[in-house]
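Give me a 3D structure for the following:
(one chain, ligands or ions: 1)
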Amino acid sequence: MRYLAPTSVGEAITMLTEQGGRVFAGATDVIPQMRAGRDLGEVMVDLKKIGRLTNVEVRGDTWIIGAATPTSALTSNPDFVADFPGLAHGAGLIGSDQVQSRSSLGGNLCNASPGADSVPAMVVNQARAVVAGPGGGRTISVAEVPTGPGQTSLGDGEFVVEFEIDRPAAGTSDAYQRVTPRTEMDIAIVGAGSRISLDSDGVCTSATIALGAVAPTVVRVPGAEAVLVGAKLVGDDVDQAALDAAAAAASAACNPIDDMRGTIAYRTHVAGVLVERTVIEAARRASER
Ligand SMILES: Cc1cc2nc3c(=O)[nH]c(=O)nc-3n(C[C@H](O)[C@H](O)[C@H](O)COP(=O)(O)OP(=O)(O)OC[C@H]3O[C@@H](n4cnc5c(N)ncnc54)[C@H](O)[C@@H]3O)c2cc1C
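Numbers count the residues shown, from 1 in each chain. Modelled structure (predicted):
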């Protein structure tokens, strides 16, 4: 195996073009895969030595997050947590403190596990991936990157440089919750992300809902989003009928696998429960923002 450590995006593209190889960031997915015997090729290209890949800043009203940034740098950033409490929670569920000192949003997305914990929350926050490669740069929505378990839409030599996530406006916030068989160090049976915008009366003006681990890729739930708009989501007279309808739409949107960690029936039911819980949590946060 050859280890390459470019220090610029351009150098990484040249190395990948001339020598091929696989990029990695924290290697918290890559190393277990190697140990399990998966053939990942002979050339490994470390993205963490490229300054832009671990840079985090707010530019105008947009967070720019280097794709190889350790997730611990995000979950320990109070401004990031205040803007995206749901995404920070999802990123903070990855593995352990040790894993999170290495794990990245780019790796979580591009490993393309259906159960990746940061992805539903990135999707509801309409995160964009800035992609570099031999054909030039392009910016695509995060939802377009995974195409199936372990598969992405990235071409040969392409990698994610950074994420762009617009800061939420006043009255808007997010939430992410998951269910796992064990309380720690386990993979989601179902994950749900919600982002809710409220007017000053606590009535929902916009909703974005995404589910993880219930289909080959993250599933948006437009049926749930539609029934929530116009519903009162905070205060004494919360619109329970709208929440029930959103939960039913979420369950209907599932296409999960049946395995020893969760049956189809259980995952389908839990998807509805988690959508209701995350909508309530996101709405409460939105009302305080
Ligand atoms: C003990 C343990 C517990 C875990 N628990 C969880 C959990 O609870 N939830 C969860 O979601 N995950 C979990 N994971 C999985 C893993 O930690 C995460 O998916 C992590 O975010 C991967 O990031 P990384 O930087 O380490 O990725 P890497 O291992 O470096 O890369 C993963 C994949 O993404 C590709 N890649 C990496 N960066 C880029 C990029 N910038 N552009 C294009 N492709 C790229 C690599 O080629 C590789 O295919 C766990 C892992 C371990 C070891």
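
rest of the way, CA atoms for contacts and neighbours
OK.

For the stretch 51-200 of the chain, which residues are neighbours of the ligand?
Residues of the stretch 51-200 of the chain lying close to the ligand (C-alpha under 6 Å from any ligand atom) are 67-68, 93-95, 99, 102-108, 110-111, 116-117, 159-161, 185-187.

What separation do you get for L228 and T147?
Plainly put, L228 is 28 Å away from T147 if you go by C-alpha to C-alpha, to the nearest Å.

Who has more neighbours out of the two?
L228 (25 against 17; other C-alpha atoms under 10 Å).

any idea how far D79 lies from the ligand?
To the ligand, D79 is 21 Å away according to C-alpha to the nearest ligand atom, to the nearest Å.

quick one: which of the residues of the stretch 51-200 of the chain next to the ligand sit in strands?
The strands, defined by DSSP state E, take in F159, V160, V161 from these.

So which of these is surrounded by the most neighbours?
Highest neighbour count within these: V160, with 29 neighbours (other C-alpha under 10 Å).

List the beta-bridge partners for that one.
Counting by DSSP bridges, V160 forms beta bridges with V131.

Would you confirm that it contacts R138?
No - judged on C-alpha atoms under 8 Å, V160 makes no contact with R138 at a distance of 9.6 Å.

intersection of neighbour lists for the two?
V130, V131, A132 (C-alpha atoms under 8 Å, 6 or more residues apart in numbering).

Give me the neighbour count for the first one.
Taking other C-alpha under 10 Å as the neighbour definition, V130 ends up with a count of 20.

OK, contacts around it?
G137, R138, T139, I140, V160, V161, E162, F163, E164.

and those residues, which are buried?
V160, V161, E162, F163, E164 (16 or more other C-alpha atoms under 10 Å).

any chance you could map the strands in the stretch 101-250 of the chain?
Remark: strands assigned in the stretch 101-250 of the chain by DSSP state E, counting those that start in this stretch are 128-132, 138-141, 146-148, 151-152, 159-166, 172-179, 190-198, 204-212, 219-220.

Burial-wise, tell me which of those comes out on top.
strand 190-198 (a mean of 31; mean count of other C-alpha atoms under 10 Å).

Just checking: what are the partner strands of that strand?
strand 172-179 (antiparallel), strand 204-212 (antiparallel).

who touches it?
By C-alpha under 8 Å, 6+ apart, strand 190-198 touches 86, 115, 117, 120-121, 124-125, 171-180, 204-214, 267, 270-271, 274-275, 278-279, 282-283, 286-287.

just stretch 58-73 next, same as before
25-26, 47-48, 52-57, 91-92, 97, 100-107, 160-167.

For the residue most central in space within the chain, list the residues it contacts.
With distances taken as C-alpha atoms, centre = their mean, V119 lies nearest the centre of the chain, 1.6 Å away. Going by C-alpha under 8 Å, 6+ apart, V119 touches N108, L109, V142, G212, V218.
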